[in-house]
Structures are given as C-alpha cells and as structure tokens.
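# below is the structure, and that's it, no one-letter string:
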C-alpha cells in the first residue's frame, strides 16, 4: 500500500529582538492555517522559532530567550490549533531545564501528543571575531544529551537534527541507521559567501547517502542587523530538491512525499547493507573538542 | 611558509575490451607528458585504468583483467617516466594477490617510491538486472583489507578511496581524521539520470564537511557499449569545484592548490574539534551486508 505524507517547511522571516512571543506565534499560526488549507500533515518550524537568534554575539543577558516549560507555554495556541486540525508539529526553541540550557526542538504527532525532544549536539562558533558572525553557541548552551532520536509519525519514521548538526555526516547516518525516513532540520545561518550553497550541499548529500527525505527550515532575512540565509527546502532520497523557498520571509513550502520513493534507492544502491563498520573505528574514537 | 601542490586528474576515455595494456599505457603517457609540461607534481588516473571496466556484467573469465605484480608490470614505462620527471602518481587497477582479488589503487611519491596501496572497501552492485548496469562487484572482488590509509607526499598528507567509497561519508571522515588534506578518488560510473549530479554532490560534501581537497578521476565515455560518466574534478575544502573536465575522453585537468587554503575553514568551522563521537555509536555497530 502506498504511503504518502504531506510535509511543509514553515520558513520564518526575522524575529527582531523585543518582538513579543505572542506576535511571533501569530505569524506561526498564519503559516499553520495555510498548511491546514493545503492539507499538510506535518509542519516544521525553524530553530529558535520563538525568539531572535541571540547567539549572533556574545552576551550574558540570555535568560530572557529561554523557555522554561515543556512544551513552551508560548506555543500553546499553536499546538492547540495543530492538534485540532490533526497536523503534526516540529518547533525549535531555547530550553531551560532547571539550571541547564539547551538548543532544543520538539515533535508532536497528528493527535497533538508530544513525541519527544531533541537537544542539539553540534554547537558551532569561534570565540574570536573573524569577519563573519560569531555564533559562539557554547557560550549559551550545553551539548545536547538526548542523543539522536527518531519517532513514528503518520506511518513514517521521523528524526530531528538542528542547524550545525546538518554539516556532520554522522547526523544523517545515526538517524538513518535508526530507520529515519524523514529528517527535520531547523536552522539560523548568517550569510557568508558560500553559506546558501553549503546549506543545500550538506542536506542533499545527507539525503542521498542515507536514502531519506530531508526538510530544512530556515529563519531568514535581516534579523537585528544580521542577514540570515533562507533556502528552506524539501529534498528527496535521491538528493533532489522537491520544493524550495523563494523568499527570505515567512513562507510555507509544502510537498506531498511518497515514503516508498526511497525503496528503489535502498534496493539499487543498498548503501546501508554494504557498509563496513569494521573499517570506521576512528569515527567513534574520542577527540578533544577545541 | 606557503605550501602549494600542483595536482591533476588524468581522466581517461574508454578502454574497450581487447585493447592491449600497452596501448592504454601509451595514452596514459601522453597525459603524463602534458602534466609534466604543466609542472604537475601529482597525477591521478582512474579506477581500473589499465583495462575495461569489466564488472559491467557478471562473467567468469575475469582473470585476464587482473594484474599479478605490485606495481603492475604494464605500468613500468609510466612509473619510470613519472619518476624521472619527479611526478607522484596514483593509478587504479584490478589486483590479484595469490588467489585473492581486489579493486586496488597505488600511490607513488615524487621520487618514484611506492608509498602503498589501498584496496576498495565499498563494492557496489545488485545481482538482479534493474534497468541500469549491474556492476555487481562482489562477484569479482573481496572487500578491501587495507583499511583507509594516508601518506605524506610533497609536504601534504594524501588519502585514497575508490569509486563507490565516495558515496559513504565515513570514507572522507576516516581519511580526514588521519590528517588527509587531499583525497584521490578514481571511478567508473555508468550513466543514469542523476549519476553526474550525485557524483559531484558526494565529493563536494565530503570535501566541505572534512575541510580537505578531493580529486575525482573518471574513466568516461562509451566503453564496450556502456556509457560511463565523466565529471572529473578538483574540489576545494569549501566544497567548490576548482577545475572540471569538459569532455568524456582523455583529458588532463590541473589545479595548483594552496594546501593552507583549508586553514580558515578548519578555524572558523572547526568541524573536527566539535565532533561528538560519544553520540556516534551506531556507526561502528556491525551490520549484516545484504
């Protein structure tokens, strides 16, 4: 029996600092209404969807950007509407859990149940200004402690990663080895000469090498003076872009994906079956993070 | 002090079955002479450079395509000329070692010394005809037993992979973790609708995600009735294509690469330093090859 899922990346324009969460959620609700009208079954919002991407500079007044409830109270109207409409929902935000800080994303199912959360593992950034944005996330967040996780959703198996995770081949592989058929990746990425090209490059390669769909969801546009790339897209298991944002503002891009579209890829290339883990030993050796 | 190396991919047109190795090596010598004239320091030839890509169909008369000496006797004129000119040389061929069969590539240094060999780990192919070429390599070869290896060459550290290996992110990571700055990858890839795009995709992503150069070298054109893609290229650590073949015949593409071009990438993104091997456990778990 054919298995289809209609997915959408809900790209968001900038959330300038000072804009209340309620105003942000209003925009998220507008994207959700459009998704409902288009019969979307899974809508995915970006990393740090509720606030500005505050790690664009080192600062110590960051508590204001963190959510302390799970799921965040600010998301209540959005999650209620999604539940009522039977739309599964993925949202990224900054999570304060007791005294611990994480860059987190949650996933709800089409019945509105919270399937779980993922906490970002790969935190980017350099301390020294280098002509580009600093985005030194270790100043704000702990390394995620959930591990890579997948959940059953609408007949599919869905995995989650966040932003910098997408530049690590290990991310797609860890999710794919657990059976992920779709990987959702929200991001905030400052513009640099090759940023848009590299964004698409790593997500396409991750999709192709692991025979899975990737949905990349940007926060985009000029936010607090920093230009963030857009490029939200849905990518198929052959590495082909099925749908792509045309703007750097609030924009819904939807695709009805055939989950079994990957079967010929799995059969012809059999990437998983022909792996040779006995030759990959160094990949799990400890390294000293710089 | 700046470190430069002039590298070249020596793409080869088809070697139709029945053409003697001597005639093939004549063409390889012509490419070498061009490389010498262009002051190339490292020339790389494709996978199975000396023969036809015989795994295009299942057959049992394959002994004729294997070399039994290391390095192969047929390569003597080429390696002698390379040594005299101070050009390091990478060549792929089918290797018979006693009763064992491997898909192998060797690397010599600028003094003509054999640095070592690499035996292909990821053998592609499906047994059932599926509308595309079969390329069922496990019929002909054992899985390589050398592991991923790197060698010092002209001030650089060079790693080798072969064809299907390039579709596995583990390949670039294993070589990069050993310090590879350049990865040489020869291939024979039958034309299919997305083959050329996917070829460039995986090599660009491998280069970018591991901050290293990739040199992809095709055997190309219509060989024994099967069209092989070309697309030989030199890719920089930012994932950008620096040089690319324009034909599907014998063609040398050269690039003088700045080995320290990757330093800004290593510093800004610090992909290696921010890895989290404690979350990659499944990648080295055993799987049952299909």
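Structure's in. What do you need? Note that the structure is a prediction, hence the values are computed from the model and not measured.
# okay, now the unreliable bits of chain A?
Applying pLDDT under 70 to chain A picks out residues A:1, A:129-133, A:288-290.
# OK, contacts around the most far-flung residue of it relative to its centre?
For chain A, the largest distance from the centre (Cα atoms, centre = their mean) belongs to residue A:278, which lies 31.0 Å off. Listed by Cβ atoms under 8 Å, 6 or more residues apart in numbering or on different chains, the contact set of residue A:278 reads residue B:286. In short, each C-beta sits where N, CA and C put it, glycine included.
# for the stretch 101-250 of chain A, what lies in contact range of chain B?
A:121-124, A:126, A:130, A:132, A:143, A:147-148, A:164, A:167-170, A:172-174, A:177-178, A:194, A:197-198, A:201-202, A:204-206, A:208-209, A:238-240 (Cβ under 8 Å from any Cβ of the partner chain).
# just the buried ones from those?
Listed as buried from those are A:121-124, A:143, A:147-148, A:164, A:167-170, A:172-174, A:177, A:197-198, A:201-202, A:204-206, A:208-209, A:238-240; burial here means 16 or more other Cβ atoms under 10 Å in any protein chain shown.
# doesn't the residue farthest from the centre of chain A fall inside a strand?
No - under DSSP: H, G, I helix; E, B strand; the rest coil, residue A:278 sits outside any strand and is assigned helix.
# my guess is residue A:287 contacts residue B:271. True?
No - taking Cβ atoms under 8 Å as the definition, residue A:287 is not a contact partner of residue B:271, at 10.8 Å.
# between those two, which one's more packed in?
residue B:271 (20 against 13; other Cβ atoms under 10 Å in any protein chain shown).
# and the more buried one, how close does it get to residue A:166?
12 Å (Cβ to Cβ, to the nearest Å).
# can you tell me the SS state at the residue in the stretch 1-150 of chain A that chain B sits nearest to?
Distances between the stretch 1-150 of chain A and chain B by Cβ to the nearest Cβ are smallest at residue A:121, namely 5.2 Å. Look at residue A:121: counting by three-state DSSP, its state is coil.
# ranges for the strands of the stretch 1-150 of chain A?
Counting by DSSP state E, counting those that start in this stretch, the stretch 1-150 of chain A has these strands, from start to end: A:4-11, A:42-44, A:66-67, A:88-97, A:100-108, A:114-119, A:150-153.
# of all those, which one is nearest residue B:8?
Closest to residue B:8 of the strands of the stretch 1-150 of chain A is strand A:4-11 (Cβ to Cβ; 41.7 Å).
# list the contacts of residue A:282.
B:173, B:174, B:177, B:178.
# mind redoing it with 7 Å?
When contacts are counted by Cβ atoms under 7 Å, 6 or more residues apart in numbering or on different chains, residue A:282 touches B:174, B:177.
# ok, now the one 3 residues further on?
Shown here is residue A:285, whose contacts under the criterion Cβ under 7 Å, 6+ apart are residue B:277.
# measure it to residue B:174 for me?
From residue A:285 over to residue B:174 (counting by Cβ to Cβ), the distance is 11 Å.
# next, the contact list for residue A:175, please.
Shown in contact with residue A:175 (Cβ under 7 Å, 6+ apart): A:148, A:150, A:159, A:161, A:183.
# now with 10 Å?
Counting by Cβ atoms under 10 Å, 6 or more residues apart in numbering or on different chains, residue A:175 touches A:118, A:148-150, A:157-161, A:165, A:181-184, A:206, A:210, A:212, A:214, B:282.
# let me know the secondary structure of residue A:252.
With three-state DSSP as the basis, residue A:252 sits in strand.
# at which residues are the helices of chain A located?
A:21-37, A:76-85, A:169-177, A:195-210, A:263-269 (DSSP state H).
# looking at the ones you listed, which is buried most?
Ranked by mean neighbour count under mean count of other Cβ atoms under 10 Å in any protein chain shown, the helices of chain A are led by helix A:169-177, which reaches a mean of 26.
# which residue does the stretch 51-200 of chain A bring closest to chain B?
residue A:169 (2.9 Å).
# ok, so what distance separates that residue from residue A:22?
Separation of residue A:169 from residue A:22 (Cβ to Cβ): 39 Å.
# what residues are up against residue A:181?
The neighbourhood of residue A:181, defined by Cβ under 10 Å, 6+ apart, consists of A:3, A:5, A:150, A:153, A:155-159, A:175, A:210-213, A:237, A:257, A:259-262.
# which members of those residues occur in strands, if any?
A:5, A:150, A:153, A:156, A:157, A:158, A:159, A:213, A:257 (DSSP state E).
# for ChimeraX, what selects the buried ones among the residues you listed?
To isolate the buried members of the ones in strands among the contacts of residue A:181 in ChimeraX, using 16+ other Cβ under 10 Å:
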select /A:5,150,153,156,157,158,159,213,257
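# nearest to residue B:246, of the ones in strands among the contacts of residue A:181?
Of the ones in strands among the contacts of residue A:181, the one sitting nearest to residue B:246 (Cβ to Cβ) turns out to be residue A:213, at 34.0 Å.
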